[in-house]
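K.L.:
need a structure here:
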Amino acid sequence: MLIRTNNLKKHFSLGKGQILHAVDGVSLEIAQNEILGLVGESGSGKSTFGKTLIGLHPRTGGQAYFDDIPLPANFSARDHLHYSQLMQMIFQDPYSSLNPRMTILDIIGEGLEIQGKLNKTDIKEQVSYWLRRVGLHSDHMSRYPHEFSGGQRQRIGIARSMIIAPKFVVCDEPISALDVSVQAQVVNLLEELKQTLGLTLLFIAHDLSMVRYVSDRMVVMYLGTLVESGPSDQVFYNPKHPYTQLLIESNPEPDPNIERQRKHKPITGEVTSPINIGPGCRFADRCPQAMEHCLTVTPNATQVAEQHSVSCHLYTD
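P.N.:
Residues are numbered from 1 along each chain as shown. Sure, this is the predicted structure:
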């Protein structure tokens, strides 16, 4: 496995004894040249997990491994310099993730400049090549971020990550701020780069249909923990956890006529506070199938099919 985490945790201290459990014991594996889709509602901890995995947040607990080599819990400047050549991130917001005072040449070429392996002429040639590779023009390198559309900025963010030639990339909702037509273009670009460069991707998104299309496996996250994981088609078409089932049901149909006639089942109830979380299933307060002990006993992952597991008392009792 290229990426592996064991009980990874990221907590934030809010003072006065309050602890925010953003990521609370996530264990998963990502194979070489695999795309793993990570889905869940806003606030479930998806982005925090991705940032903690590659060292942008210090780890509170658990272990993380890259190619079976343990990653440090708190990255030093030297660690960042080393692992940034292996792991990169495409950020969610194409507007705020690019420095408005830097030209596109400086933004994309900054990683190569920090590494100090190439001179300015070679860096410029690499930036020119990657601008063309992501569907932009070489003469764009003298421009500034505000001169581009959202889709173009996201392509710039992709070029900035890929120019380092990493092995693993966290794609933090790279399509959520884009129009539907542009979303397809960016997804197809990522798929093409995966095939040609042998990339391994963690694809974080809200759109379950898009995650099913682009990823090999899918994991579902709720309030800092994983509730279901398995092959993408299997999780999408045969979801086991009540939360996953409700997520799938809330996914809109492409045909507007079918969508208008379909009965919607919104997820009701209040989201459990992520502060000082106690034992029990975290979805119990919103689950239509919750049992009494769901409120007090934390469910363990149970395998329900080949490579398909779910953390739910419905499958352990």
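K.L.:
for residue 15, give the beta-bridge partners.
P.N.:
Beta bridges link residue 15 to residue 18 when assigned by DSSP bridges.
K.L.:
the bottom helix or strand of this structure by mean pLDDT?
P.N.:
Using mean pLDDT, DSSP states H and E, the weakest-scoring helix or strand in the chain turns out to be helix 256-261, at a mean of 70.
K.L.:
which helix or strand lies directly C-terminal to that helix?
P.N.:
strand 301-305 (DSSP states H and E).
K.L.:
so where do the strands sit in the protein?
P.N.:
For the chain, the strands defined by DSSP state E occupy 3-15, 18-30, 35-39, 61-66, 69-70, 87-90, 168-172, 200-205, 217-222, 225-231, 301-305, 308-311.
K.L.:
closest one to residue 103 among those?
P.N.:
strand 87-90 (19.8 Å; C-beta to C-beta). From N, CA and C alone the C-beta is placed, and that goes for glycine too.
K.L.:
which neighbouring elements make contact with the closest one?
P.N.:
helix 46-53, helix 150-162, strand 168-172 (3 or more C-beta pairs under 8 Å, 6 or more residues apart in numbering; DSSP states H and E).
K.L.:
in CSV, list these along with distance to residue 13 and mean neighbour count.
P.N.:
Formatted as CSV, these follow (distance: least, C-beta to C-beta, whole Å; neighbours: other C-beta atoms under 10 Å):
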stretch, distance to residue 13, mean neighbour count
helix 46-53, 14, 24
helix 150-162, 31, 23
strand 168-172, 24, 25
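K.L.:
could I get those as TSV with mean pLDDT and distance to residue 193?
P.N.:
Listed next are the helices and strands packed on strand 87-90 as TSV, based on pLDDT from 0 to 100; distance: least, C-beta to C-beta, whole Å:
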stretch	mean pLDDT	distance to residue 193
helix 46-53	95	18
helix 150-162	88	6
strand 168-172	93	9
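K.L.:
now render those as a markdown table, adding distance to residue 197.
P.N.:
Shown next, in a markdown table, are the helices and strands packed on strand 87-90 (distance: least, C-beta to C-beta, whole Å):
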| stretch | distance to residue 197 |
| --- | --- |
| helix 46-53 | 19 |
| helix 150-162 | 7 |
| strand 168-172 | 10 |
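K.L.:
poorly predicted segments of the stretch 101-250 of the chain, please.
P.N.:
For the stretch 101-250 of the chain, applying pLDDT under 70 flags the ranges 177.
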